[in-house]
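K.L.:
from the sequence below, what's the structure:
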Amino acid sequence: MKHVVVTKSGSYQYRRRVPKGVAAVITKREFKDKLGDTEKEALAAYPRYHAQVEREIAGAKATIARSARATSHEASDREAYAEALRRRADLVAVGVSEEELVLLGEIMMDSYPQGEWGPIEVPPVETHAINLLRLGPKKYPAPTPTLEDAKRLYLAERAKGDDPAEVVERFDGQIARIIGHVKDALGCDPVLVDLTREDARKVRDHMLDRIKDNGQKISPASVARDMNGLKAVINFAATEMPLPATFQNPFNKLTVGTERGRASDGEKRDPFPAKVLRQVRQRIVGHAKRDLGLIWRLLEGTGCRLAEVSGLRVEDVETGGDFPHIRVTWHENRRLKTESSRRSVPLVGDALAAAKDALTLPRAGNLLFPAYGSPRGADAASAAIMKHVRAVTTDPKHVIHSLRHNMKDSLILAEVSSLDQNLILGHALGGVGDRVYGGSLAKLRMTTRAMKKALGIPLSDADKQQTNEAEND
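P.N.:
This next block holds a predicted model:
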């Protein structure tokens, strides 16, 4: 047993020096306790006491880390106040009286250079500590939350999820960038309760006036996304922080206006014309890396989103049986856009051939496309594929996502039901799909038939047999 010694009397004792790194918080020299007179007693007592010591050390490390953050130049005023309040609570916990607290506050204040109106060059934590010691938290409450405080709480809570570190870091950067735009527009870190509708409009206009690296103005759609992120931070603060019940988020229901109006998702992208689609396919299959060519063929033959294909695992691909398919599901390297995105998509025709080819790619892990299966892999695949797309067409409405529009058009022209279209494309079902088709196998039967109909692929004997069985159920 680690840290256990046998004394001269034969008893078992836990002895462990307090680590130097936490000696400022844990003031005793060592952890010391008798575990028992026999080895059996020591074995029984050891886990509990050792865990207690580990918790005390971990708590001390957390206290030191918290104190370091609160005293750094990056700390917010509320973080500095919280650290000062903790220090006061520690003194109260060891029995320091109110009179002694006031005296300590006076001593701290006198230890700093004195200006005309009081001590000067006092760090924020010490300023709060002095005031809390002299006045107490009731007379000296915490600073009113600012937007920066709201951002830090929002990101801290978000980080408690199970997203990969790379995804968390990227999201943190996006939110920090948005909050930075607000500070630039208003010239300060605004107090949340002081924000007005006029401030909100000023922030919106500032965002709309931004210029991209290519010299073009930022699009209203990009500003709308940033505004949604900002609203999420403030709405979270309204729920989780001590704001008045009457507080209203001034950014809610704020429109992002433009003379032309915001384009809908359908207006932003067009399906590829047949000739362009053939040329792009030939270009990618003939010039791009093998895995990118396979990704393109799967996108074209399934109507899936790029991240849904690039993030596939080997176990998500079923190329055998009567109904070959891919399973689009959530895993540690790939998040899904919505719950309805979780689905099985039939593999028919060239998409099935591409899936079989993809399974033969060299790999060390379980990702179908190792080079593009990471959380940012879809971005890398998009950049690489779009270079080939732009070599064929410069139409800004022709993008990778256009393939979903091609599939949508094919399904419509084949008179496939809206329900089957939504099941294939991963659109919201509103619960209808489960009520009509029931289990996953029934859905896969019907979507396979729909996909073959849309792509002009004859039904196999198995398709016809299963379809007839489904219709007779």
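
K.L.:
let's verify residue 248: helix, strand, or coil?
P.N.:
Of the three states, residue 248 takes coil under DSSP: H, G, I helix; E, B strand; the rest coil.

K.L.:
how far away is it from residue 401?
P.N.:
According to C-beta to C-beta, to the nearest Å, residue 248 and residue 401 sit 36 Å apart. Every residue, glycine included, has its C-beta placed from N, CA and C.

K.L.:
between those two, who's got more neighbours?
P.N.:
Neighbour totals were compared for residue 248 and residue 401, and residue 401 leads with 16 against 12 (other C-beta atoms under 10 Å).

K.L.:
from residue 373, how far off is the residue most central in space within the chain?
P.N.:
Closest to where the C-alpha atoms of the chain average out (C-alpha atoms, centre = their mean) is residue 168, at 4.9 Å. Per C-beta to C-beta, residue 168 is found 18 Å from residue 373.

K.L.:
cool, residue 427 as well?
P.N.:
24 Å.

K.L.:
any weak-confidence spans in this protein?
P.N.:
Confidence mapping of the chain against pLDDT under 70 gives the ranges 70-71, 73, 163, 257-268, 332-340, 429-438, 462-473.

K.L.:
longest helix anywhere in it?
P.N.:
For the chain, the helix that runs over the most residues, judged by DSSP state H, is helix 39-71.

K.L.:
what's the helix or strand that that helix is followed by in contact with?
P.N.:
Per DSSP states H and E, the first helix or strand lying C-terminal to helix 39-71 is helix 77-93. Helix 77-93 has contacts (C-beta atoms under 8 Å, 6 or more residues apart in numbering) with 63, 66-67, 69-71, 75, 101, 104, 123-129, 132-133, 137, 142-143, 145-146, 149, 152.

K.L.:
wait, what's in contact with residue 197?
P.N.:
By C-beta under 8 Å, 6+ apart, residue 197 lies in contact with 250, 254.

K.L.:
run the last query once more with 7 Å
P.N.:
residue 250 (C-beta atoms under 7 Å, 6 or more residues apart in numbering).

K.L.:
next one: phi and psi at it?
P.N.:
Note on residue 197: its backbone torsions stand at phi -60, psi -30 [degrees, to the nearest 10].

K.L.:
quick one: it and residue 254, what's the gap?
P.N.:
With the distance defined as C-beta to C-beta, residue 197 ends up 8 Å from residue 254.

K.L.:
how about residue 272, secondary structure?
P.N.:
Under three-state DSSP, the three-state class of residue 272 is coil.

K.L.:
please tell me how far it sits from residue 319.
P.N.:
For residue 272, the distance to residue 319 equals 26 Å [C-beta to C-beta].

K.L.:
among those two, which residue is more densely surrounded?
P.N.:
Taking neighbours as other C-beta under 10 Å, residue 272 and residue 319 compare with residue 272 leading, 24 against 14.

K.L.:
the more buried one contacts residue 402, doesn't it?
P.N.:
Yes. Using C-beta atoms under 7 Å, residue 272 makes contact with residue 402 at a distance of 5.1 Å.

K.L.:
rewinding a little: okay, the closest residue to the residue nearest to the centre of the chain other than its chain neighbours and residue 152: tell me how far apart.
P.N.:
Ranked by C-beta to C-beta, 6 or more residues apart in numbering and with sequence neighbours excluded, the top spatial neighbour of residue 168 is residue 159, at 5.6 Å. Noted for residue 159: a distance of 11 Å to residue 152, by C-beta to C-beta.

K.L.:
who's more crowded, those two?
P.N.:
Between residue 159 and residue 152, residue 152 has the larger neighbour count (other C-beta under 10 Å), namely 20 against 13.

K.L.:
now do the SS call for that one.
P.N.:
With three-state DSSP as the basis, residue 152 sits in helix.

K.L.:
quick one: contacts for it?
P.N.:
residue 76.

K.L.:
now for residue 452, how many residues are close by?
P.N.:
There are 18 residues near residue 452, going by other C-beta under 10 Å.

K.L.:
nearest spatial neighbour of it, chain-adjacent residues omitted?
P.N.:
Nearest residue to residue 452, sequence neighbours excluded (C-beta to C-beta, 6+ apart): residue 348, at 5.3 Å.
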